[in-house]
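Visitor: Show me the folded form of this:
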Amino acid sequence: MNPVFSLQSRALLANGRLVALFLILAATATGAETGKTPPIANFTDIAEKAGLTMSNVFGGKDTKKYIIETTGTGVAIFDYDNDGWPDIFLVSGTTLEGFPAGEGTAPSNRLYRNNHDGTFTDVTTKAGLTATGWGQGVCVGDYDNDGWEDLYVTYYGKNRLYHNQSGVFTEVADQSGVAGTGKSWGTGCAFVDYDRDGLLDLMVANYVDFDVSIAPAPGERASCVWKGVPVMCGPRGLPGAKNILYHNQGNGKFEDVTTKAKIDQTNGHYAFSVSTFDFDDDGWPDIYVACDSTPSILYHNNRDGTFTDVAVVAGAAYNEDGREQAGMGSTIADYDGDGRLDIFKTNFSDDTSTLYRNNGNGTFDDVTFAAGLGLYTRYLGWGTMFLDFDNDGWPDLLLVNGHVYPEVDKQNLGSSYEEPRILYHNNGDKTFSDVSAQAGTGIVAVHAGRGLAIGDLGNDGRISAVISNMNATPSLLVNQVRSPNHWVGLRTVGTKSNRDGIGARVSVKVGARVLVDEVRSGSSYDSNSDMRVHFGLGAATKIDWIQIRWPSGLTERFENISVDAIHTLKEGSGSAAVPAAKPSSS
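Guide: Below you'll find the model as predicted:
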């Protein structure tokens, strides 16, 4: 049986579900006999067996002399060839020493095509995506609305925009105006139609203003010492960099509107991940940026082409103690089922991650400890995503960890360079339970992890995770426990809106509950997950209706949608709907 998909063909789908249900019932019976509760997750890493063999080169392996060697890279899950199956793109780095030109030894980003049978084939060269350099993040979006997903890859150096032409990519960043100066350090990114004109714009986060030729050596300054040990310098002590917003002009070119949009009013930050979401539910996309060693940024969309950073007044800049944190990754979901989108952020070691609950009145509360998420302070978090791994209708949390200093292994500083992942199960009562120890070898295995993307790689309702590991092969985590719960996957296609439907708010009415999420590019740590919106439905076998508020402003309803299937919903093909009343702020 294939390790990813137990169904050998779609014709066996019904029988496969019956077998899965039988196995779960059998496991439950066995658990009852032994007095043990069967695990709700068993994630195993099947990357090698699935053909994901790329080794991510990223600076020195045993020591990191400069900060450029520490940040790692992102992952994208997207359907590059329009065959209906999600493929995998992995960003690669390089080394300070570089590689000889023309010898074919330089590391490259890799694109793996989904073979529909649980395996993947490296199609990087054929797709035109061979490239080397200090790659960082990646985001996906059909910026020219031609029906093919395009790629934007950030770098320490010039960024790259790959235009997808029927599964073959052409690099067009310079001619499109989004390459940057070549001196910036791009990190997170996201395509977002911030002015709702039907064309995807591009938000790019930048980390530090860094020049390796003049960078201080480990231990050279006070900021280059950690717990008494000389380590690479930064980001403190290094100048911050400004974030960039590009406006899509509709002719294959973008305009830098950073100043015009007032994005540069917030400066001096070390920005990493970008997560877009309409936090105040006014129909206009806002932008959250997790920042290292500086307050987080929450750009509120003023609906006139400008933004205001409201993170401090909204309560999303600091933790509940009023302290800035070293933010890395971020993810968005309605974790407590109140119809409002919340924020979760990973941070540096000697701190907890942070959960910001959306109060519905433009403000957030740090509810990390109340939600049971303040357990770990020794891990250094990076990629993170909400995901409903058991399809019970409540978003769970996956965190990827790994330290920045390889030296911690030799100095006994209370941390390890390679660290396990963390899996939290949403209890459905505004709290989470740590199930990591019982969630399988793929969770407890240690790595120096960075980027994380999630997706339904088998089109069977099981959410898997792809993780970028420092100086190692990637991980592909697949849950071997098949829940009897139901699910639905939704692919949005805009007509008046951008073709991906990025920014669309999707509501699913199931019994007494309304499940809410949005279509988004970017998020996690400098990564891009499967943009098909996935909802676990629990025991429900019927969906009452699905409502979509498109970026164009159209709100429409879709009915007679079956469960346990992936549906494509096209703007304009539903029935007109009156927008549902917004939840109260109580």
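Visitor: Leaving out sequence neighbours, find the closest residue to G381.
Guide: Once flanking residues are discounted, G381 sits nearest to T346: 2.9 Å by C-beta to C-beta, 6 or more residues apart in numbering. Heads up, the C-betas are built off the backbone N, CA and C, glycines and all.
Visitor: repeat for D81
Guide: With sequence-adjacent residues excluded and distances taken as C-beta to C-beta, 6+ apart, D81 is closest to G167, at 4.2 Å.
Visitor: Would you confirm that that neighbour contacts D79?
Guide: No. G167 is not in contact with D79 according to C-beta atoms under 8 Å; the separation is 10.1 Å.
Visitor: The two: which is more packed in?
Guide: Neighbour tally, G167 and D79, criterion other C-beta atoms under 10 Å: the higher count belongs to D79, 20 against 17.
Visitor: How about the contacts made by that one?
Guide: Counting by C-beta atoms under 8 Å, 6 or more residues apart in numbering, D79 touches W85, P86, D87, E149.
Visitor: same deal with L373?
Guide: L373 neighbours (C-beta under 8 Å, 6+ apart): F344, T352, S353, L355, L397, Y424, F432.
Visitor: Can you name the helix or strand that T125 falls in?
Guide: Per DSSP states H and E: T125 is located in helix 124-127.
Visitor: Helices of the stretch 451-586 of the chain, residue ranges please.
Guide: Taking DSSP state H, counting those that start in this stretch as the criterion, the stretch 451-586 of the chain carries no helices.
Visitor: now swap in the stretch 301-450 of the chain and tell me
Guide: Secondary structure of the stretch 301-450 of the chain by DSSP H, counting those that start in this stretch: the helices cover 311-314, 408-411, 441-444.
Visitor: mean confidence for the first one?
Guide: Meaning helix 311-314. Average pLDDT, helix 311-314: 98.
Visitor: What is it packed up against?
Guide: strand 297-301 (3 or more C-beta pairs under 8 Å, 6 or more residues apart in numbering; DSSP states H and E).
Visitor: which residues touch the strand it packs on?
Guide: Contacts with strand 297-301, where a contact means C-beta under 8 Å, 6+ apart, come from 194, 243, 263, 266, 269, 271, 278-280, 282, 284-289, 291, 307-311, 314, 316-317.
Visitor: got any ranges where the stretch 401-550 of the chain has weak pLDDT?
Guide: Low-confidence segments of the stretch 401-550 of the chain (pLDDT under 70): 412-413.
Visitor: now with 90?
Guide: Residues of the stretch 401-550 of the chain that meet the criterion pLDDT under 90 lie in 405-415.
Visitor: Please enumerate the strands of it.
Guide: Ranges of strands in the stretch 401-550 of the chain, per DSSP state E, counting those that start in this stretch, are 422-426, 432-434, 449-455, 464-469, 475-479, 486-493, 505-510, 513-518, 533-538, 545-549.
Visitor: Determine which of the ones you listed approaches S573 most closely.
Guide: S573 lies closest, by C-beta to C-beta, to one member of the strands of the stretch 401-550 of the chain: strand 486-493, at 8.9 Å.
Visitor: Would you mind pulling the contact partners of that closest one?
Guide: Here strand 486-493 has contacts from 388, 391, 456, 459, 461, 499-501, 504, 506, 508, 519, 531-541, 543, 546, 548, 550, 561-571, using C-beta under 8 Å, 6+ apart.
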